[in-house]
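Colleague: Build me a structure from this.
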Amino acid sequence: MAGRRAAAWEQGGDEYDYLFKVVLIGDSGVGKSNLLSRFTRNTFSLDSKSTIGVEFATRTIQVESKTIKAQIWDTAGQERYRAITSAYYRGAVGALLVYDVTKGATFENVKRWLKELRDHADANTVVMLIGNKTDLGHLRSVAQGDAAAFAEREGLSFVETSALDATNVDRAFQTLLTEIYRIISKKALASDKAASGAGAVGEGQPIQVAGGVTTRCCAF
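Modeller: Next up is the predicted model:
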């Protein structure tokens, strides 16, 4: 049962097993903020304005009997805000790379966003490609097959969503968070096994497992 409490749980007053930082990246206007609000508050705004600076929201879910708190960060896609890059990516263990299925240019720019992510984030960051705004299917300019092929080449998960009608939004976040959990729990187990041969890790002792996520180990 390694990972009984996240190291930072005391800060929020609520208890959870893991705290995962996830970042939303992609061009301005692709719907990142509405994906965030749909997942964390189940709301959508047709007249939402471009994000200025950085904002984040949280939601707690259950994954394989563990309580996972997702801290999801959203920032503007405009070039003038790129100075925050390093701080924005620091500690992230997951990323949703979003494009607009009705705007081909936003899909073309996915390559640049992925490079930026890989330049600044941890090498083990789990990435999912999101084709948003499927409710505007009559305006589609990015074929689902093209995006799926790109995701496969780059080793990314892929799903199309609509923040407006909530299609696949929960599925996208749940899939990403579950994958992160499974990777990190395997690393924690490997750490426990390694420690058992050279002195066990004591209950409540923090161990660093990946990308800035710290968990606490408990005795078996």
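Colleague: now the helices for this structure?
Modeller: Secondary structure of the chain (DSSP state H): helices at 9-12, 32-41, 85-89, 104-108, 110-120, 144-154, 169-196.
Colleague: Show me which residues of the fifth one are buried.
Modeller: Applying a neighbour-count criterion of 16 or more other Cβ atoms under 10 Å, one finds V110, W113, L114, L117, H120 buried in helix 110-120. (Glycine included, C-beta is placed from N, CA and C.)
Colleague: The fourth one is in contact with V126, isn't it?
Modeller: No - here L117 does not reach V126: they are 11.0 Å apart, not a contact under Cβ atoms under 8 Å.
Colleague: intersection of neighbour lists for the two?
Modeller: A95 (Cβ atoms under 8 Å, 6 or more residues apart in numbering).
Colleague: what about E152, neighbour count?
Modeller: If you count neighbours by other Cβ atoms under 10 Å, E152 ends up with 12.
Colleague: OK, contacts around the closest residue to it other than its chain neighbours?
Modeller: Nearest non-adjacent residue to E152, counting by Cβ to Cβ, 6 or more residues apart in numbering: F158, 7.8 Å away. F158 sits next to M128, L129, I130, G131, A147, A148, A151, E152 when contact means Cβ under 8 Å, 6+ apart.
Colleague: and the residues you listed, which are buried?
Modeller: For the contacts of F158, buried by 16+ other Cβ under 10 Å: M128, L129, I130, G131, A147, A148, A151.
Colleague: The buried residues of helix 110-120 into TSV, with extra columns for distance to K186?
Modeller: Shown next, in TSV, are the buried residues of helix 110-120 (distance: Cβ to Cβ, whole Å):
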residue	distance to K186
V110	28
W113	27
L114	24
L117	22
H120	24
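Colleague: Kindly indicate which of those lies nearest L176.
Modeller: Using Cβ to Cβ, L117 is the member of the buried residues of helix 110-120 that lies nearest L176, at 13.6 Å.
Colleague: chain center to stretch 126-146: distance?
Modeller: The chain centroid and the centroid of stretch 126-146 are separated by 18 Å under Cα atoms, centre = their mean, to the nearest Å.
Colleague: and it, which residues are buried?
Modeller: V126, V127, M128, L129, I130, G131, N132, K133, T134, D135, R140, V142.
Colleague: And stretch 59-70, by the same measure?
Modeller: R59, I61, V63, T67, I68, K69, A70.
Colleague: Identify the residues contacting the fourth one.
Modeller: For T67, the contacting residues are E15, Y16, D17, Y18, T60, I61, by Cβ under 8 Å, 6+ apart.
Colleague: Do you know the pLDDT at the first one?
Modeller: Okay, so that is E15. E15 carries a pLDDT score of 87 in this model.
Colleague: For it, the count of nearby residues, please.
Modeller: Residues near E15, counting by other Cβ under 10 Å: 13.
Colleague: just the fourth one next, same as before
Modeller: Counted by other Cβ under 10 Å, the residues lying close to Y18 total 26.
Colleague: Report the beta-bridge partners for it.
Modeller: Going by DSSP bridges, Y18 is paired in beta bridges with I68.
Colleague: Make sure it is actually in contact with I184.
Modeller: Yes - between Y18 and I184 there is a contact at 6.9 Å, judged by Cβ under 8 Å.
Colleague: residue ranges with poor pLDDT in the protein?
Modeller: By pLDDT under 70, the weakly predicted segments of the chain are 1-14, 48-53, 76-84, 191-220.
Colleague: If we use 90, what do you get?
Modeller: Within the chain, the segments meeting pLDDT under 90 span 1-15, 28, 45-56, 75-88, 123, 184-220.
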